[in-house]
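Peer 1: Need coordinates for the below:
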Amino acid sequence: MKTMYRKLGMMVIFLGLVSFMVYSQDYPQAKRFQQTNPTPPGLRDPSELETFLDGIMEAHMASHHIAGATLAAVKGEKIFLSKGYGFADVEKRKPVSPENTLFRPGSVSKLFTWTAVMQLVEERQLDLEADVNVYLDDFQIPDTFSQPITLTHLLTHTPGFEDVWSGMMARDPDDLVPLKKFLKENMPARIYPPGEVTAYSNYGSALAGYIVEKISGMPFEKYVEENIFKPLRMSQSTFRQPLPSSLKDYMSGGYAFENGMFQKREFELINGMAPAGALSASSVDMAKFMIAHLQNGKYRGKRILEEETARRMHRQLFTNHPRVEGNAYGFWERSQNNIRMIGHAGDTNLFHTLLILIPEHQVGFFVSYNSVGGGGTPREELLEAILDRYYPLPQIVEPQASKELRRKGARYTGHYASTRTIQTTFEKIGSLMSGVKVRLTEKGTLLTQMPGEREDKQWVMREPSLFQEVGGENTLVFKKNGEGRIQHMVFSHLPYFAFEKLAWYESPPFHFIVLILMVFVFLTTVIWPLGALYRTACRRQQRKQKLPFLARLARCFAGGMSGLFLIFLIGFTVIFTDAQEISYGVPLILKVLLALPVVSSLLALGVLGMTVLAWKERYWTLCGRIHFTLIFLVGGGFVLFLNYWNILGFWF
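Peer 2: Take a look at the predicted model:
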């Protein structure tokens, strides 16, 4: 009898396992957070990892039109896996080599800059809490606020600088501006008090690199070569632009997929801010850098940092709120599948890269793509797949919608602008196309819509001002000002900037509505002298008498003003939507276009005088005079609109 029960029990267990396996095959990722793994988490077999990644990379490269990619995974003191995918040169069918092919990791370059800074801190040549002006004698950072900017602020992207975009790229090596000159001539405005909020800053990172250059007495590129590349045996890496002749043939092309074909682009030159993003490196070299940080500054017996300094670099240095991830000493903090990670992403116009370290498991991953396609989406999907497979998250309880949010949710809704912004040049208008919209759903959740995100996110209130992502692990926090009003919104997965709440009259929809109404009036003005609107309104008076010269001149002033405004709007929209073109500097055609609003504004003064005269002399009919007055009011309002967005005049 016992034998029969034992066999029956074994059969039940067997059937259960079979059912589980069938379910797993049919629904492998039906519920990401309900996956389980009977084996302990972590990387164990390089061949198994390679097979797993091959499938993902093949799918990504096909769906996102990626010409080539390079990847490295490290564990402990060794390179666990390195592999190239696709082509470094499509036309020549030259495959990507993880050992030799150089990719442009963009802002991942900053990790080398911060490592260099900490080397000099270690040697007591730099003080993280000292005013950076102490280290600058060629130029000084203005004292816009009472608090000085320190290296700690630069490390954590909290110096409060506005962003720099125009001119940060160069088309030709002869156009490259030296680091010192660029920093001096392109200093951004200080728009936030230092240490208050994160606002991602390429300029701040480049400034830190220049301080390394000043204190060490050698060019930044050479300092990194001598103090980081050489100890780590990173022979396929350089910050130099253009590339040294010994490395030029190993550089991967950068590609855009157009008209069904990969189109190769020229080598991207980072202008004047090399420490912020000019690195070229192979994935095997990047693996060595990851190992050095995972081993707390050591690689094969050579040290680039003392152990305590390296550990310090990996600790949190600043966060926008205690309940969300922040910035370590140059590294971004990240939490996924209940694992703390540090790392950095990087993007040029053509290359997209991610470096992630998991100190707890002594594991690191690096991936870089050489094509525009997909932007940052493929790297995020790759990391998510790796974590779900090798470090799965146990089942979690989904948060429930809050009844309180239905009653009090309006305080959180509205439009929010990124703190990574430009406020003092014509590029300010770019904020109209960015930012986050927050609205309340019928389910009692918040919905955030953000450009660049793979999908909109829903959030459930866990406690006042703190929300958890539905179907995810991210946290959203709203911060109040001294008056108790919502001022900032911060996301746990975006530690490098925050979002400021906008008043209704500052929101993009309000400005777009106003702009559309203005354009409509301008169009009626241009059409008016020739169209039916004017002929119908003024037919009786035209039969009685010929319009005076000044009345005809008034129409010319109004039509000229409106026409120039419309030409400017069309031209500016076409040029400004090409962000890559602006990154090379202000195009000549844009400089010419910016003169049109100035001329139009002068014509607007003439329209003002003609408006007064029209009412005094009773030109046209009442309808005509009202329309002409409306033209003046809209023209004057448009001048104020242009001035608000720094496009009245030459703000560059």
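Peer 1: can I assume residue 347 is in contact with residue 105?
Peer 2: No - look at residue 347 against residue 105 with Cβ atoms under 8 Å: they stay out of range, at 9.3 Å. No exception for glycine: its C-beta is placed from N, CA and C like everyone else's.
Peer 1: For the two, indicate the residue with more neighbours.
Peer 2: The neighbour comparison of residue 347 against residue 105 (other Cβ atoms under 10 Å) goes to residue 105, with 32 against 19.
Peer 1: With adjacent residues omitted, what lies nearest to that one?
Peer 2: Excluding its sequence neighbours, the residue lying closest to residue 105 (Cβ to Cβ, 6 or more residues apart in numbering) is residue 353, at 4.1 Å.
Peer 1: Mind giving me the packing neighbours of the longest helix belonging to the chain?
Peer 2: If you go by DSSP state H, the chain has its longest helix at helix 549-576. Applying 3 or more Cβ pairs under 8 Å, 6 or more residues apart in numbering; DSSP states H and E, we find helix 549-576 packed against helix 508-527, helix 579-583, helix 588-593, helix 595-617, helix 622-644.
Peer 1: Identify whichever of those helices lies nearest to residue 358.
Peer 2: Closest to residue 358 of the helices and strands packed on helix 549-576, according to Cβ to Cβ: helix 579-583, at 33.4 Å.
Peer 1: from the chain's centre, how far out does the closest one sit?
Peer 2: How far helix 579-583 lies from its chain's middle: 14 Å, per Cα atoms, centre = their mean, to the nearest Å.
Peer 1: tell me what that helix is packed against?
Peer 2: Short answer (3+ Cβ pairs under 8 Å, 6+ apart): helix 579-583 packs on helix 549-576.
Peer 1: can you do 10 Å?
Peer 2: strand 169-170, helix 549-576, helix 588-593 (3 or more Cβ pairs under 10 Å, 6 or more residues apart in numbering; DSSP states H and E).
Peer 1: For that helix, give the mean pLDDT please.
Peer 2: In this model, helix 579-583 has a mean pLDDT of 88.
Peer 1: Same check on stretch 426-444?
Peer 2: In this model, stretch 426-444 has a mean pLDDT of 91.
Peer 1: Next, the distance between the ends of it.
Peer 2: End-to-end distance of stretch 426-444 (Cα to Cα, to the nearest Å): 40 Å.
Peer 1: can you give me how far that stretch is from the chain middle?
Peer 2: So, by Cα atoms, centre = their mean, the centroid of stretch 426-444 is 15 Å from its chain's centroid.
Peer 1: By residue count, which strand of this protein is the longest?
Peer 2: Scanning the chain for the strand with the most residues, using DSSP state E, yields strand 78-89.
Peer 1: Residue 214 should be in a strand, yeah?
Peer 2: No - using DSSP: H, G, I helix; E, B strand; the rest coil, the assignment for residue 214 is helix, not a strand.
Peer 1: you'd agree it is up against residue 135?
Peer 2: Yes - Residue 214 is within contact range of residue 135, at 5.8 Å (criterion: Cβ atoms under 10 Å).
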